[in-house]
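A.B. asks: let's see this in three dimensions:
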Amino acid sequence: MTQKIKIFGVGLISLLIFSSLSNYTLNETYAQASNDKNNKNGIKENRGYTEKIIQYDKDKNCSKDLDKIPNATEYLTYFNCGHVEIDEGKNNTAREFTLIVEENQILPISNQGHKFKAWTYNGTIPGLTMRMTEGDVVKITVINEGENNFSHSLHTHSIHPAESDGVEGPGGTIIPGQNFTYTFTASPYGVYPYHCHVNPIADHINRGLHGMFIIDPKEPREQMQEYAMLMNGYDMNYELEGPITLPVVDKKDPTEFVSEEEGGGRENEIYTVNGKAFEYMDNPIKLNQGGDYRVYLVNMLEFDLINSFHLHGNMFGYIASGTGEEPEYKNDIVTLSQGDRGILEFKPEFSGKYMFHAHQTEFTDLGWMGFLT
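C.D. replies: Numbers count the residues shown, from 1 in each chain. Next comes the predicted model:
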């Protein structure tokens, strides 16, 4: 009788603790396991699994406000880990996210008055940083608002089934007023971009339909203060939008093509990290001397072949794609093609104010620069 009371007490206390965490759902499996008289060891292991998941999310700085629309400064540390359901019996975790596509959103993209005719996931450029752990079952529902004019989709890098690739089938073209849920098991761990994959893809990305997600390893990385930085640009010449096609062949001479009138190429007028030019010049990022810092870096710049990140006064360890545990090399600059990404880890050795920026002068002059202080 005493043993039954102890077991019941453990289950009741656990349920009270976990029910206070609104982002987490424990299904019936948890209650059954907690009162399983024939699985005393299993009770301890199952409870440990749940506690581990919850603590890991706390260590990741997962936001409790899943509806938040972060500004460019808040975006640095806003990690959305979704609505979480923990299956105690199977030691499984599921995470659900919702992305709402809205067109014709007028967003500020500098503190000097520049505004952009944006298409957004959940109201921001970039879209929210989604975070999960390797092995989690992930469900991302994309809702294309009925007032929109175009079809949209969601393509996530990483490993996933074809029906969740965002290119073919129902998930490849979500018409206005419809939605689709992309389901996959998070794998492998690393840092990844996501973006709309409907043609013309360059315009959907340029307009703002992109973001990053992080698949964390099952065993946590070394604890550090973490930041998300996504590099992008804005081509504000909307008249040039449209599909990129092969040149028209000259029928008289198929080895030549018909030249078109000069209309100007696709060029970015503004470059940013996290969507707003000079944001971290106006609001420098405050660090602690001797602290440990980690940056999840993604390049989603259209219409330029490469982008880069340069850190003044310091060196960082670099993990390409975030798919390793230890830095592969140390440098103060990394160059990335579109869609490329990685993790930077560094420790400020000296006090002072230090610049970080693209190492292309044009990008720097047009908005992609900031300060660490």
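A.B. asks: H195 contacts M300, correct?
C.D. replies: Yes - using Cβ atoms under 8 Å, H195 is in contact with M300, at 6.7 Å. Quick note: C-beta positions are derived from backbone N, CA and C, even for glycine.
A.B. asks: what's the neighbour count on G291?
C.D. replies: By other Cβ atoms under 10 Å, the residues close to G291 number 11.
A.B. asks: my bad, G82
C.D. replies: Neighbour count of G82, defined by other Cβ under 10 Å: 23.
A.B. asks: find the nearest non-adjacent residue to it, please.
C.D. replies: R95 (3.7 Å; Cβ to Cβ, 6 or more residues apart in numbering).
A.B. asks: check C62 too.
C.D. replies: What sits nearest to C62 in space, not counting adjacent residues and going by Cβ to Cβ, 6+ apart, is C81, at 3.7 Å.
A.B. asks: what sits against that neighbour?
C.D. replies: Counting by Cβ atoms under 8 Å, 6 or more residues apart in numbering, C81 touches N23, D57, K60, C62, S63, R95, M130, R131, M132.
A.B. asks: sort out for me which of these are in strands.
C.D. replies: Residues of these located in strands (DSSP state E): R95, M130, R131, M132.
A.B. asks: redo the residues you listed as CSV? Include neighbour count.
C.D. replies: Output for the ones in strands among the contacts of C81, formatted as CSV (neighbours: other Cβ atoms under 10 Å):
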residue, neighbour count
R95, 22
M130, 23
R131, 27
M132, 24
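A.B. asks: from the middle of its chain, how far away would stretch 152-166 be?
C.D. replies: Averaging C-alpha positions (Cα atoms, centre = their mean, to the nearest Å) puts stretch 152-166 14 Å from its chain's average.
A.B. asks: and the helices in the stretch 151-300 of the chain, which stretches?
C.D. replies: 201-206, 279-282 (DSSP state H, counting those that start in this stretch).
A.B. asks: tell me the helices and strands packed up against the first one.
C.D. replies: To tie it back to what came earlier, the one meant is helix 201-206. strand 190-195 (3 or more Cβ pairs under 8 Å, 6 or more residues apart in numbering; DSSP states H and E).
A.B. asks: all strands for the stretch 251-373 of the chain, in order.
C.D. replies: Using DSSP state E, counting those that start in this stretch, the strands of the stretch 251-373 of the chain run over 270-273, 293-299, 306-311, 316-320, 329-331, 333-337, 341-346, 354-357, 369-372.
A.B. asks: same deal with the stretch 101-250 of the chain?
C.D. replies: Using DSSP E, counting those that start in this stretch, strands in the stretch 101-250 of the chain cover 115-121, 129-133, 137-144, 155-156, 179-185, 190-195, 210-216, 225-234.
A.B. asks: contacts for the fourth one, please.
C.D. replies: Strand 155-156 is contacted from outside by 140, 164-167, 182, 184, 192, 194-197, 213, using Cβ under 8 Å, 6+ apart.
A.B. asks: hmm, which of those are the buried ones?
C.D. replies: For the contacts of strand 155-156, a burial check counting by 16 or more other Cβ atoms under 10 Å picks out I140, S164, D165, G166, Y182, F184, Y192, Y194, H195, C196, H197, F213.
A.B. asks: wait, the fifth one sits on S158?
C.D. replies: No - between Y182 and S158 there is no contact under Cβ under 8 Å: 11.4 Å.
A.B. asks: secondary structure class of G48, three-state.
C.D. replies: Assigned by DSSP: H, G, I helix; E, B strand; the rest coil, the conformation of G48 is helix.
A.B. asks: test of understanding: give the bridge partners of I86.
C.D. replies: L26, T93 (DSSP bridges).
A.B. asks: quick one: stretch 103-116 to chain centroid distance?
C.D. replies: That offset, for stretch 103-116, works out to 21 Å (Cα atoms, centre = their mean).
A.B. asks: same question for stretch 269-289.
C.D. replies: 18 Å.
A.B. asks: go on, stretch 341-361?
C.D. replies: Distance of stretch 341-361 from the chain centroid (Cα atoms, centre = their mean) equals 20 Å.
A.B. asks: first-to-last residue distance for that stretch?
C.D. replies: The first residue of stretch 341-361 is 21 Å away from its last residue (Cα to Cα, to the nearest Å).
A.B. asks: average pLDDT across that stretch?
C.D. replies: Averaging pLDDT along stretch 341-361 yields 98.
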